[in-house]
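**Student:** just a sequence and a predicted model for now, questions to come.
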Amino acid sequence: MTELASTTALRATMDAYYRSLADAALRGTAPVAWCTSVGPAELLRALGFAVHFPENHAAIMGAARTANRYLPLAHAQGYSQDICSYLTSDIGAYLAGESPLRAYGLERAPTPDVLVFNTNQCRDVRDWFEWYGRELGVPVVGLHSPRAIDEVMESDIDAVTRQLEALVAPLEQIAGTRLDDSRLASATRASRDGADLWGACLETAAARPAPLTFFDGTIHMGPAVVLRGTEDAPAYYRTLLAELRQRVESRVGAVPGETLRLYWDGMPVWGRLRALSTMFAEFDTAVVASTYCNSWAFAGLDPADPWRSVSRALLELFIARSEAPKERYIARMAEFYDVDGVIFHDCRTCSNNSNTRYGMPGRITGRLGIPTLVLDGDVNDLRCFSDEQARTNIEGFVEQLTDARAATAGRGPRR
Amino acid sequence: MTYYAGVDSGSWTTKAVVIDGNCEVLGTAVTRSGADLTAAAERAYETALANSGRARGDVKAVWSTGFGRNTIPFADGSRTELDCHGRGVAHFIPGPLVVVDIGGQDAKVIRLDAAGRRLSHRMNRKCAAGTGSFLDEIALRLGIRVDELNALGRGSTENLELSSFCTVFAGTELLTLIRGGKQPADLAMAAYRSLLKRIVSMDVLEGKIVPTGGVVAYHPIMVELIAEACRGEVVVPPHPQEMGAFGAALAAFAACETHDTVDTPDMAELGQP
């Protein structure tokens, strides 16, 4: 695996974000809002909030493999081990009085002035924020977005837009400022630029060999998540895109000797990113694209019509859609990236982002004629993941795809 | 004549098979895996060689499979047990077919096309439900050896149900039934039915179904239950327990025949000299 040179710029970008968050929390340079990862970040930015994303916080704990230290603390409060392990690891870390943001001078996640959720992903985010609302005595507001949407209708957009507008008054009061339309337009433009550039970065993986993998994407998507609505995200993605295009031109692959190409659906297994990335590379297999990373490449954000375009973008999100559009999306992506197979991660504690439970893998195989693999695991709870079973599953899948390709080429091993 | 061998380093037992150039089985062996997988592989391989009447020097290539496949220093290459069970079964039985391998700690459903090529597979979750460990737990609760369970179940006269898939909770459910005066034969049969329910929930079982693994070898009652539960024909291949090792031997044969690159495990990476 070849590390991207842009990683240096990524670290600097993320460092600056966390330090500004620490400044807001410790020195009061800005009011602090907590926001769900696909919540109304543009509105919060326009009102001058420093924005903390608990899902990002939980993912850092997952990747650092400290989440399992915190999960039991939330379970001991009555939170089930079957619900979102982002939620339980984040609340557990709060109960332990610890945070991975210690490196930036924050002993714990920055104390919020307001908590803002969007239920387009799941109901767990609301329950998660309401726990903090009760614990900290902080107001909780949010968008009650419809879910399992077949096609996004104007009436859906109307409903979310009205809710978005209704957030303005309470947020203005907490921020101590009036919403300036030009700032909202600027934040929306920055979001659009960041999302478009991030999307362009991901699309470079359609090249052979792919210049980045899903595993790279999970790291480099950081600015797309936490810096939405700022100029810092597009600035970073211009750097990354230039490097990726250079790689494509020079035919430098993220996986040297790329032979097989796969698509990943569902959440990452944060605590095993490195192990899985290394394993796939060992098998000359590039996981070239994913539903997950693409979920932050929002389409259609329009600074001239921020309210409705933001509402539409948040509603069109993959996770908010019904089975039929999800199936069409995965099929389109599998064809665009020209993959040999699809891996579905059945994430134990995230049913909302596990597309295995209503027959999707079988439908994708039937529709595209490519094999699928269901991998059992979890986003943060490593007790739900077996290294050995995952290895056998993945290695077996690679064997299957390799054999099929050899047979097609007429040089299959004698069986 | 040239000979080939396969070693299946499983979680509970290690199996070895020696075949000749016609892919005929000459010798087999099964030994406990224990904590020293390399030693178990050595024992199994030596025993299979002795049973085949051949010496190490007669064997052109040995391939490994099973969860300990990368811990066998004398292996010339390896394939997953998903591949080897499918490969082994396809040698004996024409496809398309569905292989149901019930191992000590995992169960697999492997779908093969008419040419014996794998179409898909499913493995159990991180859980012992539907595996041989389930039967071990039940035998322990009943105070008998696991190899006595099959005969005991045959004497069943009452159709009892265990509601739990979970290996441990099925054990505690048995305690409730024992307390209620239920007969050991009926409890044994209830355990087999519970195992069956977990297996059939893993994937669609229809068409030609081929059970393999140690559970099938020692618990033929499971084969009958699978046949009753599924739409299709159930065919038990020869050497069901050694099927993975046989598949590995076939892989060794195929690699030599096609002059494929032999994928030798890097023992230095495994911390061995």
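**Tutor:** Perfect, I can see it now. Because the structure is predicted, anything quoted here is derived from the model rather than measured. Numbers count the residues shown, from 1 in each chain, chains lettered A, B, ... in the order given.
**Student:** residues touching residue A:258, list them.
**Tutor:** Residue A:258 makes contact with A:208-210, A:284-286, according to C-beta atoms under 8 Å, 6 or more residues apart in numbering or on different chains. Heads up, the C-betas are built off the backbone N, CA and C, glycines and all.
**Student:** please, where are all the strands along the stretch 101-250 of chain B?
**Tutor:** B:107-112, B:118-123, B:206-212, B:231-234 (DSSP state E, counting those that start in this stretch).
**Student:** quick one: the second one to strand B:107-112, angle?
**Tutor:** Same thing as strand B:118-123. Here strand B:118-123 runs at an angle of 170 degrees relative to strand B:107-112 (axes from the mean of the first three to the mean of the last three C-alpha atoms, to 10 degrees).
**Student:** you'd agree residue B:145 is up against residue B:138?
**Tutor:** No: using C-beta atoms under 8 Å, residue B:145 is not in contact with residue B:138, being 11.7 Å away.
**Student:** for the stretch 151-273 of chain B, which segments count as helices?
**Tutor:** Secondary structure of the stretch 151-273 of chain B by DSSP state H, counting those that start in this stretch: the helices cover B:167-179, B:184-200, B:214-218, B:220-229, B:243-258.
**Student:** quick one: neighbours of the closest residue to chain A within chain B, just the number.
**Tutor:** Of all residues in chain B, residue B:82 sits closest to chain A, at 3.6 Å by C-beta to the nearest C-beta. Residue B:82 has 28 neighbours, counted by other C-beta atoms under 10 Å in any protein chain shown.
**Student:** can you give me the strands in chain A?
**Tutor:** Assigned by DSSP state E, the strands in chain A fall at A:32-35, A:50-52, A:114-118, A:140-143, A:260-265, A:285-290, A:341-347, A:372-377.
**Student:** right, so of the strands of the stretch 101-250 of chain B, which gets closest to residue A:373?
**Tutor:** Nearest to residue A:373 among those is strand B:118-123 (7.8 Å), distances taken as C-beta to C-beta.
**Student:** which positions in the helix or strand containing residue B:91 come out as buried?
**Tutor:** According to DSSP states H and E, residue B:91 maps onto helix B:81-92. The neighbour-count check on helix B:81-92 (16 or more other C-beta atoms under 10 Å in any protein chain shown) flags B:81-91 as buried.
**Student:** ditto for stretch A:110-126
**Tutor:** By neighbour count with 16+ other C-beta under 10 Å, stretch A:110-126 contains the buried residues A:110, A:112-122, A:124-126.
**Student:** so how far is it off the chain centroid?
**Tutor:** Here the centre of stretch A:110-126 is set off from its chain's centre by 15 Å, with C-alpha atoms, centre = their mean, to the nearest Å.
**Student:** for that stretch, what is the average pLDDT?
**Tutor:** For stretch A:110-126, mean pLDDT is 96.
**Student:** closest residue of chain A to chain B?
**Tutor:** Proximity of chain A to chain B (C-beta to the nearest C-beta) peaks at residue A:396, 3.6 Å away.
**Student:** isn't that residue up against residue B:85?
**Tutor:** No: counting by C-beta under 8 Å, residue B:85 is not a contact partner of residue A:396; they are 10.1 Å apart.
**Student:** what about the chain, any weak spots by pLDDT?
**Tutor:** With no chain named, the answer covers chain A. Low-confidence segments of chain A, defined by pLDDT under 70: A:1, A:411-415.
**Student:** wrong one, I was asking about chain B
**Tutor:** Looking at chain B by pLDDT under 70, you get B:259-273.
**Student:** tell me the residues of it that contact chain A?
**Tutor:** B:67, B:79-83, B:87, B:90-91, B:106, B:115-126, B:250-251, B:253-255, B:257-258, B:260 (C-beta under 8 Å from any C-beta of the partner chain).
**Student:** now a PyMOL select for only the buried ones of the residues you listed.
**Tutor:** Restricted to buried positions by 16+ other C-beta under 10 Å, the PyMOL selection for the residues of chain B next to chain A reads:
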select buried, chain B and resi 67+79+80+81+82+83+87+90+91+106+116+117+118+119+120+121+122+123+124+125+126+250+251+253+254+255
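**Student:** return the most buried member of the helices of the stretch 151-273 of chain B.
**Tutor:** helix B:243-258 (a mean of 27; mean count of other C-beta atoms under 10 Å in any protein chain shown).
**Student:** what angle separates that helix from strand B:206-212?
**Tutor:** Using the same axes, to 10 degrees: helix B:243-258 against strand B:206-212 is 100 degrees.
**Student:** how big is the angle separating helix B:243-258 from helix B:81-92?
**Tutor:** Using the same axes, to 10 degrees: helix B:243-258 against helix B:81-92 is 80 degrees.
**Student:** re earlier: a markdown table for the strands of chain A, including distance to chain B?
**Tutor:** Shown next, in a markdown table, are the strands of chain A (distance: least, C-beta to the nearest C-beta, whole Å):
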| stretch | distance to chain B |
| --- | --- |
| strand A:32-35 | 33 |
| strand A:50-52 | 33 |
| strand A:114-118 | 31 |
| strand A:140-143 | 34 |
| strand A:260-265 | 15 |
| strand A:285-290 | 14 |
| strand A:341-347 | 8 |
| strand A:372-377 | 5 |
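**Student:** compare these and give me the one nearest residue B:182.
**Tutor:** So among the strands of chain A, strand A:372-377 is nearest, using C-beta to C-beta, at 33.9 Å.
**Student:** partner strands of the closest one and their direction?
**Tutor:** Looking at strand A:372-377 with DSSP bridges, its partner strands are strand A:341-347 (parallel).
**Student:** between strand A:285-290 and the strand it pairs with, find me the angle.
**Tutor:** 70 degrees.
**Student:** in strand A:341-347, what's buried?
**Tutor:** Here strand A:341-347 shows A:341-347 as buried, counting by 16+ other C-beta under 10 Å.
**Student:** so how far is that strand off the chain centroid?
**Tutor:** Relative to its chain's centre, strand A:341-347 lies at 15 Å (C-alpha atoms, centre = their mean).
**Student:** isn't residue A:402 right next to residue A:285, touching?
**Tutor:** No: using C-beta under 8 Å, residue A:402 is not in contact with residue A:285, being 9.2 Å away.
**Student:** comparing the two, which residue is more hemmed in?
**Tutor:** Neighbours were counted for residue A:402 and for residue A:285 using other C-beta under 10 Å; residue A:285 has more, 24 against 18.
**Student:** tell me which residues form a beta bridge with that one?
**Tutor:** Residue A:285 has these beta-bridge partners by DSSP bridges: residue A:260.
**Student:** from residue A:7, how far off is it?
**Tutor:** 22 Å (C-beta to C-beta, to the nearest Å).
**Student:** and what of residue A:375?
**Tutor:** Residue A:375 is 26 Å from residue A:7, where distance means C-beta to C-beta.
**Student:** enumerate every residue touching residue A:268.
**Tutor:** For residue A:268, the contacting residues are A:59, A:214-215, A:218, A:292, A:345, A:379, by C-beta under 8 Å, 6+ apart.
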